[in-house]
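1. Using only what follows, build the 3D model:
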Amino acid sequence: MSMKIKEDKRVTKTKRALRLGLAELLTEKGIQNITVKELSDKVEINRSTFYANFTDIYDLYHKTEDIVIQEISDIFLENYATSPQVFFEILFQYVHDNKQICRMFFGRNVSPTFFSRLIALLKEACLTCWQGTYGIVGIPEELEYYAHFYLSGGLALVDKWADGDFEYSAEQLGVIFADMEVTFGNFIKGKFS
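-> Next up, the predicted model:
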């Protein structure tokens with residue numbers, strides 16, 4: 001049984017190394033120009049090890065996207081009921097702590113599928129939060145447009161942060177976003193309550 005645990009740890013470590021290696025290569029060139037051999041050499045594994053886990057570079061990219069979406073989803077589900085400033089500090093700290101991987105999805109490299117999936121994930125929680133906070137009954141279609149606008153702006157802020165090489169701290173970005181949250185929250189309250 002302990003043999004399986006060691007094997008799982010090695011596989012986990014190898015997959016993480018591949019994700020980090022891909023993220024690094026993506027800062028230098030487009031995904032279409034990255035080969036399995038180049039990535040395998042970079043992280044010092046055999047190509048057969050790569051193929052034991054992924055079908056190609058795009059499969060690795062998409063599975064990495066799935067992991068980041070799931071981790072952000074977990075953060076959202078565990079923390080969205082806290083104050084906006086605390087919630088966004090936690091979220092931005094995650095991005096900062098995983099900035100090499102997150103650079104694959106934010107900033108200049110933003111993936112349209114990642115952006116759409118993240119908006120869909122966050123929109124449901126955002127609407128639920130607004131309903132509870134502002135006593136909104138049901139979800140008017142117009143409110144969904146406001147949520148999309150609000151979240152798109154928030155993700156644009158994260159894109160700028162990534163483009164600026166995470167110059168601001170997660171705490172500073174949390175304060176900026178919390179300020180926007182208060183202003184937008186007052187608007188939502190006035191419009192729908």
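2. Name the residues that touch the biggest helix by length in the chain?
-> Using DSSP state H to define each element, the chain has its longest helix at helix 2-26. Identification of contacts with helix 2-26 by Cβ atoms under 8 Å, 6 or more residues apart in numbering yields 34, 38-39, 42-43, 45, 49-50, 53-54, 57, 60-61, 64, 67, 100-101, 103-104, 109. (Each C-beta comes from the backbone N, C-alpha and C, glycine too.)
3. let's go with 6 Å and repeat that
-> Outside helix 2-26, the residues that touch it by Cβ atoms under 6 Å, 6 or more residues apart in numbering are 34, 39, 42-43, 53, 60, 64, 100-101, 103-104, 109.
4. Drop anything exposed from these.
-> Among the contacts of helix 2-26, those buried by neighbour count (16 or more other Cβ atoms under 10 Å) are 34, 39, 42-43, 60, 64, 101, 103-104, 109.
5. ok, so of these, who is nearest F149?
-> N109 (23.2 Å; Cβ to Cβ).
6. confidence score at the nearest residue to S193 once chain neighbours are set aside?
-> Nearest non-adjacent residue to S193, counting by Cβ to Cβ, 6 or more residues apart in numbering: Y134, 4.8 Å away. Note for Y134: predicted pLDDT of 87.
7. ok so, going back, quick one: which of the contacts of helix 2-26 is nearest V86?
-> I101 (23.3 Å).
8. Next, that closest one: phi, psi?
-> phi -70, psi -40 (degrees, to the nearest 10).
9. what's it in contact with, if anything?
-> Contacts for I101 (Cβ under 6 Å, 6+ apart) come out as 19, 23.
10. coming back round to it: the buried ones among the contacts of helix 2-26 in strands, which ones?
-> Among those, none falls in strands (DSSP state E).
11. sec struct for Q32, please.
-> Three-state call for Q32 (DSSP: H, G, I helix; E, B strand; the rest coil): helix.
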